[in-house]
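[1] I'd like to go over a predicted model; first the sequence, then the structure.
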Amino acid sequence: MAEQGGDGLPPLREVIGKYGLRAEKSLGQNFLLDLNLTGRIARCSGSLVGETVIEIGPGPGGLTRAILQQGAARLIVLEKDRRCLPALADIAAAYPGRLEVLNADALEVDETALFEGQAKIIANLPYNVATPLLIKWLGQRTRFSSLTLMFQKEVADRLTAVPGTKAYGRLSILCQWLCTTHKEFDISPRAFTPPPKVTSTVVLLTPREAPAFPASQPILEKVVAAAFGQRRKMLRASLKPLGYPPEDMLARAGIAPTRRAEELTVEDFCTLARIYEAEGGFPSLS
Ligand code: SAM
């Protein structure tokens, strides 16, 4: 394991000891101390030279150091735990003018207000807030050229799942409609201090210039929610709550009424959403 990064900063274990950074479960703190591994994560989205990067939850700074070593011109980190701030200040001093540290809850911050143009997001996310953060960034995706994110393997499986698999569902459809998604590699629990219970997976999401197929997002989300609300049922039953005769809608889309939600592609769902929208008169889309 490489703990010394060649950046003149002390090994991460020493940093953790010096500043008393005992991992807090409530903050999802599982630290990566292997700088080879953090370097590998930092490289997933290609060259960082001259880029603006946002990192959520830097903790003692293993990934932070890797991102700076890869040449990011400006790195903005958001860390909720005040105890990490002195360790991050040491990194800022080693990379003058390149690292900005904000003591903030990422759920409450609009990251896009912190930079002009586009940025890359790179983060080993706290698992308890990973999905809400991803949903927020999907809503602002034109401001991000890529998102390299570490999730619990089970969440990564959902993001990248194809139709006909157990993991395929609402999150797969929304993400794949808006981004290309690629599983980069798994990380064993043993690589973390302390080790989490499950394997982690790094996923690279690249926002599409336009969604993969035309559809209105709230309508698509409503159709997908209805279909997966009763995942095991045939679509002719599960789509009933939409208030439009499902058999009609499915016939117009060329989809057999006996099929189930998990068998439909993202394109199928977009077709259904357009038909549903064309019928109009759906006052409550929340
Ligand atoms: N990046 C470090 C690493 O790879 O070793 C730490 C990753 S650890 C899984 C998650 C980090 O996110 C912790 O440092 C934790 O304090 C921080 N965190 C947890 N909830 C947060 C939130 N809502 N906003 C910002 N940071 C948060």
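    Yes, it's here.
[2] right, and V15 touches G59 too?
    No. When contacts are counted by CB atoms under 8 Å, V15 is not listed as touching G59 (9.7 Å). (C-beta placed from N, C-alpha, C; glycine too.)
[3] so which of the two has more stuff around it?
    G59 (28 against 25; other CB atoms under 10 Å).
[4] next, give phi and psi for the more buried one.
    Torsion angles at G59 (phi, psi; degrees, to the nearest 10) stand at phi 60, psi -130.
[5] then P163?
    The phi/psi pair for P163 (degrees, to the nearest 10) is phi -50, psi 150.
[6] then V155?
    According to degrees, to the nearest 10, V155 has phi -70, psi -40.
[7] from the ligand, how far off is it?
    13 Å (CB to the nearest ligand atom, to the nearest Å).
[8] next, the contact list for the residue nearest to D110 when sequence neighbours are not counted, please.
    Excluding the flanking residues, the one nearest D110 by CB to CB, 6 or more residues apart in numbering is Q140, at 7.9 Å. Residues counted as contacts of Q140 (CB atoms under 8 Å, 6 or more residues apart in numbering) are D110, E111, T112.
[9] tell me the pLDDT of the residue most central in space within the chain.
    Centroid-nearest residue in the chain, with CA atoms, centre = their mean: L134, separated by 4.1 Å. Note on L134: pLDDT of 97.
[10] doesn't L99 make contact with T64?
    Yes. Counting by CB under 8 Å, T64 does reach L99; the two are 7.0 Å apart.
[11] list the residues that contact both of these two?
    Joint contacts of T64 and L99 (CB under 8 Å, 6+ apart) are L75, V77, L88, I91.
[12] strands paired with the helix or strand the second one falls within, and their directions?
    Assessed by DSSP states H and E, V77 sits inside strand 74-79. For strand 74-79, the paired strands and their directions (DSSP bridges) read strand 52-56 (parallel), strand 99-103 (parallel).
[13] quick one, which of these is nearest to L32?
    The minimum distance between L32 and those falls on strand 52-56, with 12.3 Å, by CB to CB.
[14] can you confirm whether that closest one lies near the ligand?
    Yes. Counting by CB under 6 Å from any ligand atom, the ligand has neighbours in strand 52-56: I56.
[15] do me a favour and average the pLDDT over that strand.
    Strand 52-56 comes out at a mean pLDDT of 98.
[16] in the stretch 51-200 of the chain, what residue is nearest the ligand?
    Going by CB to the nearest ligand atom, the ligand is nearest to G57 of the stretch 51-200 of the chain, at 2.1 Å.
[17] neighbour-wise, which of T64 and L99 wins?
    The neighbour comparison of T64 against L99 (other CB under 10 Å) goes to T64, with 29 against 25.
[18] the more buried one belongs to a helix, doesn't it?
    Yes. Assessed by DSSP: H, G, I helix; E, B strand; the rest coil, T64 belongs to a helix.
[19] and the residue found closest to I255 once you drop the neighbours it is linked to in the chain, its phi and psi?
    With sequence-adjacent residues excluded and distances taken as CB to CB, 6+ apart, I255 is closest to D268, at 6.0 Å. Main-chain dihedrals, D268, degrees, to the nearest 10: phi -60, psi -50.
[20] okay, now D268: neighbour count?
    By other CB under 10 Å, neighbour count at D268 equals 21.
[21] and it, how far is that from the ligand?
    Distance from D268 to the ligand, by CB to the nearest ligand atom: 36 Å.
[22] L178 versus that residue, what's the distance?
    17 Å (CB to CB, to the nearest Å).
[23] circling back: hey, which of the strands paired with strand 74-79 is tucked in deepest?
    Highest mean neighbour count among the strands paired with strand 74-79 (mean count of other CB atoms under 10 Å): strand 52-56, with a mean of 25.
[24] ok, residues contacting that one?
    63-64, 67, 72-78, 106, 111, 114-115, 117-123, 125-126, 133.
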